[in-house]
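Q: Next input, structure requested:
(chains A and B)
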There are 2 protein chains.
Amino acid sequence: MKPLCFARNQIIPSSEATLHPMDIGLIRGYGIFDFFRTENFVPLFLTDYLDRFIGSAQKTYLPLDFNKETLRNIILELIEKNDLRQGGIRMLLSGGMSDNHFSPAKGDLFIFCEDLMFPGEQKYTNGVKLSSIEHVRALAEIKTTNYTFPVWLSSNWKKEGAEDVIYHHNGLISESSRSNIFVIKNGEIFTPDQNVLHGITRKRVLELSGSIKIQPIGFDETLAADEVFMTSTTKKILPVTRIDDRQIGNGKPGKITKELIQAFQEMEQKNSG
Amino acid sequence: MKPLCFARNQIIPSSEATLHPMDIGLIRGYGIFDFFRTENFVPLFLTDYLDRFIGSAQKTYLPLDFNKETLRNIILELIEKNDLRQGGIRMLLSGGMSDNHFSPAKGDLFIFCEDLMFPGEQKYTNGVKLSSIEHVRALAEIKTTNYTFPVWLSSNWKKEGAEDVIYHHNGLISESSRSNIFVIKNGEIFTPDQNVLHGITRKRVLELSGSIKIQPIGFDETLAADEVFMTSTTKKILPVTRIDDRQIGNGKPGKITKELIQAFQEMEQKNSG
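A: Now for the predicted structure:
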């Protein structure tokens, strides 16, 4: 954590931020968040992230006292005061102190600045492994703080040498625990649309390649793909070369994935001016 | 909330309890809890609840610095200081401040005393309605704070005049959002065992009637049952007389349900001495 955060409607030392533990953000795991990066002090794709955060609050019935412009100004002030050339910014809205300890109430807004943890270069060179799990996330489309299951799973996937999981249900894949999935076969790129969070990096990839097919994708088709990659704010575009004990394609990051990694890097540089 | 709680390893005013919002209890919804009642200053079935709480910590890889005897003594002290003749006690263990903001860490323990909110007497006289939802809880067997989905659903089921939901998946029922389900047909009582929290009230009901069959139960069988009831710490045994638009049995609380309500009340009185 960087020294300063936004809490109690002001910029204060991060160590002094507090939440009452009876907030349903803790006792019911009910809250929303978003997370984005700065490059060269520029919060990348900020409008997209703010739109999604405001949308998550609306969809979870949580009132938010700040509009997009105010949020943007708080974030810019935090970046300046924390000297955040390259870092992560986490926005959080808790579910609030609920009369019946269950129904959505009026929560607290927090904005923290963090150091970034990117995957090592080797993961981009060799690709990573995912462990498959039969599961589908409830409310996947909303960026809630509901990660109980993957946090619990994580010690297991680490033991298996996996980077993360890939969820599948009724024969169809959806997403990884914090990333979207893309599948390439015979030169065509596919990504699922059901039961997934609409990631901002996913959105950028869809813009980079106008011909990506958004449709249901079988777990079997995924295993038989030529290339697979995952996208997220910190992973950017990360090649997946193994699912469980199955090699994907020739077991190395593929040509189309590498082209997209390059194109995304150029897009990012352009946006961080 | 009653004036005093346990936090920061001591008994302090409840209003002064704080959690750092970067705890994964908030940012990943990763934490455990338990909840029980006092009657006549006696914490009912305390050993069962403490065993479950300690078990939940172990199953979620969360270290707990207090053993059962210490927890019991803290709880008895809180009951005395809060003059908690009849009330609820909530134990919470957060996931902790995690280096990577994801993996289980070492969390904070909180114990709060609350006023109880029992269902009104009319609900026991007439029975309640449940709304069915196609869903199965991940990690249902562990008492985590993962209630994002039912909190989100709750405004909808209230609009439908329902008390809560009943989850079903692949044709089988599991549980309500915070209660176990029992189904009665031709004088035999059934309750599911898969994808359910093993409730303490459920355990008491299994003791009260030694012949209850623990087995998978179809959603269709549930709709066609003679009687259905739900159990939880605050609901005790609550008759279910409607699921969606379907009447259960003759639409009134049934004979076996009423006998169990009476038997449970006697068991509780015996235990609160």
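Q: Which stretches in chain A count as helices?
A: Here chain A has its helices, by DSSP state H, at A:24-27, A:46-59, A:68-81, A:121-126, A:148-159, A:200-208, A:219-223, A:255-271.
Q: Isn't A:Glu114 up against A:Ser14?
A: No: at 9.4 Å, A:Glu114 and A:Ser14 do not qualify as touching, with contact defined as C-beta atoms under 8 Å. Every residue, glycine included, has its C-beta placed from N, CA and C.
Q: got any residues that touch both of these two?
A: Both A:Glu114 and A:Ser14 are in contact with A:1-2, where contact means C-beta atoms under 8 Å, 6 or more residues apart in numbering or on different chains.
Q: Counting neighbours, go ahead and name the busier of these two.
A: Legend: neighbour count by other C-beta atoms under 10 Å in any protein chain shown for A:Glu114 and A:Ser14, higher for A:Ser14 (22 against 19).
Q: give me the residue from the stretch 151-273 of chain A nearest chain B.
A: Nearest residue of the stretch 151-273 of chain A to chain B: A:Val151, at 4.6 Å (C-beta to the nearest C-beta).
Q: Now that residue. Nearest residue, chain neighbours left out?
A: B:Tyr30 (4.6 Å; C-beta to C-beta, 6 or more residues apart in numbering or on different chains).
Q: okay, now that neighbour: neighbour count?
A: Other residues within reach of B:Tyr30, judged by other C-beta under 10 Å, total 34.
Q: tell me the contacts of whichever residue of the stretch 1-150 of chain A sits closest to chain B?
A: Chain B sits closest to A:Gly29 of the stretch 1-150 of chain A, with a gap of 3.0 Å, by C-beta to the nearest C-beta. Each residue near A:Gly29 by C-beta under 8 Å, 6+ apart is listed here: A:145-146, A:148, B:29-31, B:144-148.
Q: quick one: low-confidence parts of chain A?
A: For chain A, applying pLDDT under 70 flags no range at all.
Q: Could you chop it up by domain?
A: Under the assignment automatic domain parsing, the domains of chain A span A:4-114, A:121-271.
Q: Near the nearest residue to A:Phe45 once chain neighbours are set aside, how many other residues are there?
A: Closest residue to A:Phe45 apart from its sequence neighbours, by C-beta to C-beta, 6+ apart: A:Ile200 at 5.3 Å. For A:Ile200, the neighbour count with other C-beta under 10 Å is 22.
Q: how about CSV for the domains of chain A, with distance to B:Arg246 added?
A: Formatted as CSV, the domains of chain A follow (distance: least, C-beta to C-beta, whole Å):
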stretch, distance to B:Arg246
domain A:4-114, 26
domain A:121-271, 24
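Q: Among those domains, single out whichever gets nearest to B:Arg85.
A: Nearest to B:Arg85, of all these, is domain A:4-114, at 20.2 Å by C-beta to C-beta.
Q: Give me the distance from that closest one to the chain's centre.
A: Distance, stretch centre to chain centre, for domain A:4-114: 15 Å (C-alpha atoms, centre = their mean, to the nearest Å).
Q: Quick one: end-to-end distance for that domain.
A: Domain A:4-114 has its terminal residues 10 Å apart, counting by C-alpha to C-alpha, to the nearest Å.
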